[in-house]
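1. Here's a sequence, model it:
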Amino acid sequence: GFSLTMVAHNLRTCVLGKYKKGHKTISDVSTRKGQNHGESQAESQGDQIMILQDEMSSEVYCWQEICDQPNSNCSLLIVPHPESNDNGGWTPLIIERLENDIHGRIKVVCIPQVHWSDGSYIDLKCIGEECKKRNIIFVVDATQSVGIFPINVKAIQCHVLTASVHKWLLGPHDQSLVYIHKQFHDTWLPLDQHERSRLVFQDEVYDATENNIGKHGYPEEFISGAARLDSGGKKNPILLPMVCEGLRIVKEIDVMEAQKYLTRITDRVLIGGEEIGFGVQAGPRVGHIIGLRPVSSALRDVLTPSKMVEVANRLKEKDVFLAVRCGAL
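-> Modelled structure (predicted):
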């Protein structure tokens, strides 16, 4: 959340449009293939931020804040879940909306590589190529995949990639890593202001000198590189070594072999689920996450969201752990 909030605040000032009266949140859930998106959205004006339906909340709240500012001229463009016949999954739905953006309103695309609810896969290389053609800022939350699925910032041509380390990077909570393209290193501002990001305070002699505050305060020049965007305070002497150790372990993992192994497991889960009326969302998926959705009419009638939570809690009592996310077990 902290990392993406920092990203959103910087993009608000350098990319997204000036604030104007009238903000609408655009939900694209009812817009399907064959419709003219330019016409269906003609009534709404201003810049758009593309996200996926039911994305992890930390990927959405930061953009909501931008859209909800007084006189904001930004809105959310929400790509709907693939339907049962959308065999390509999320990727063609995203590309379709980019291609239909004839007025160039989409300024930011913020998506994951893997949807947190069910493991459905998005081809970031394809999306990155489309964003580059259109000069769209491409932001990726890779928390659900980095460390266990191949990803390369140069190949996908993203401007920003964030990842909380507590998932597949085997690190502790309360820490995240961020890649930021070098084009932003000298212009973006940190979310919190502190001396560790300022060049003058790297000098012990200056720190020991008296009467340093001038007419406009302390000297403002930042240190070079993306480190100027680090959070404030001294680095945690316990958590950071844990992050480094997790990265060391992950570096030794053959992620392709790991995917083959995990796919064999999740495929078995799917086979068992299909026997009792479950299925998965249309399109490609990764091997390390699977979300089973009720597909038979009988199962859909019985397995309401509250019933799913009840089932998960009863399984937990038997030491079987699963999450209920966005209509999937």
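2. In contact with the residue nearest the centre of the chain, which residues are there?
-> With distances taken as CA atoms, centre = their mean, residue 141 lies nearest the centre of the chain, 2.8 Å away. Contacts of residue 141 were listed using CB atoms under 8 Å, 6 or more residues apart in numbering, and they are 4, 55-56, 58-59, 110-112, 161-163. All C-beta spots, glycine's among them, are computed from the backbone N, C-alpha and C.
3. Kindly state the beta-bridge partners for it.
-> Using DSSP bridges, the beta-bridge partners of residue 141 come out as residue 112, residue 162.
4. Give me the buried positions along the helix or strand that contains residue 241.
-> In the assignment (DSSP states H and E), residue 241 maps to helix 239-251. Using 16 or more other CB atoms under 10 Å as the burial criterion, the residues of helix 239-251 that qualify are 243, 246, 250.
5. what does stretch 307-324 give?
-> Residues 308, 322, 324 are the ones in stretch 307-324 that count as buried (16+ other CB under 10 Å).
6. Which single one of those is nearest to residue 266?
-> Proximity of the buried residues of stretch 307-324 to residue 266 (CB to CB) peaks at residue 322, which lies at 12.1 Å.
7. pLDDT wise, what is that closest one at?
-> The predicted local distance difference test score for residue 322 is 92.
8. So it is in contact with residue 329, correct?
-> Yes: using CB atoms under 8 Å, residue 322 makes contact with residue 329 at a distance of 5.7 Å.
9. shared neighbours, those two?
-> Residues touching both residue 322 and residue 329 comprise residue 312, with contact defined as CB under 8 Å, 6+ apart.
10. Tell me if residue 166 really is in a strand.
-> No: according to DSSP: H, G, I helix; E, B strand; the rest coil, the state of residue 166 is coil, so it is not within a strand.
11. Pretty sure residue 104 sits against residue 134.
-> Yes: assessed by CB under 8 Å, residue 104 is found in contact with residue 134 at 6.8 Å.
12. of the two, who's got more company?
-> Here residue 104 and residue 134 are compared on neighbour count by other CB atoms under 10 Å; more neighbours surround residue 134, at 14 against 11.
13. got a list of what the more buried one touches?
-> Residues touching residue 134, when contacts are defined by CB under 8 Å, 6+ apart, comprise 98, 101, 104, 106.
14. if you set the cut-off to 7 Å instead, what comes out?
-> Contacts were defined as CB atoms under 7 Å, 6 or more residues apart in numbering; by that measure residue 134 touches 98, 104.
15. Now the phi/psi pair for residue 149, please.
-> Backbone dihedrals for residue 149, given as degrees, to the nearest 10, come out at phi -140, psi 140.
16. which non-adjacent residue is nearest it?
-> Closest residue to residue 149 apart from its sequence neighbours, by CB to CB, 6 or more residues apart in numbering: residue 286 at 5.6 Å.
17. what number of residues lie near the one you found?
-> Per other CB under 10 Å, the neighbour tally for residue 286 reads 21.
18. That one and residue 119 touch, don't they?
-> Yes: contact criterion CB atoms under 7 Å: residue 286 and residue 119 qualify, at 5.0 Å.
19. follow-up on the earlier one: ok, now how distant is the residue nearest to the centre of the chain from residue 7?
-> As for residue 141, its distance to residue 7 is 10 Å (criterion: CB to CB, to the nearest Å).
20. what's the answer for residue 139, then?
-> Summarising the geometry, the distance separating residue 139 from residue 7, computed by CB to CB, is 6 Å.
21. Surely residue 178 is within a strand?
-> Yes: looking at residue 178 with three-state DSSP, it is inside a strand.
22. Count the residues that sit near it.
-> When counting by other CB under 10 Å, one arrives at 16 neighbours for residue 178.
23. same deal with residue 87?
-> 11.
24. contacting residues around it?
-> Residues in contact with residue 87, defined by CB under 7 Å, 6+ apart, are 282-283.
25. Got the phi and psi for residue 106?
-> Note on residue 106: backbone dihedrals following degrees, to the nearest 10 are phi -70, psi 120.
26. That one touches residue 76, doesn't it?
-> No: contact status for residue 106 versus residue 76: not in contact, 10.9 Å apart, counting by CB under 7 Å.
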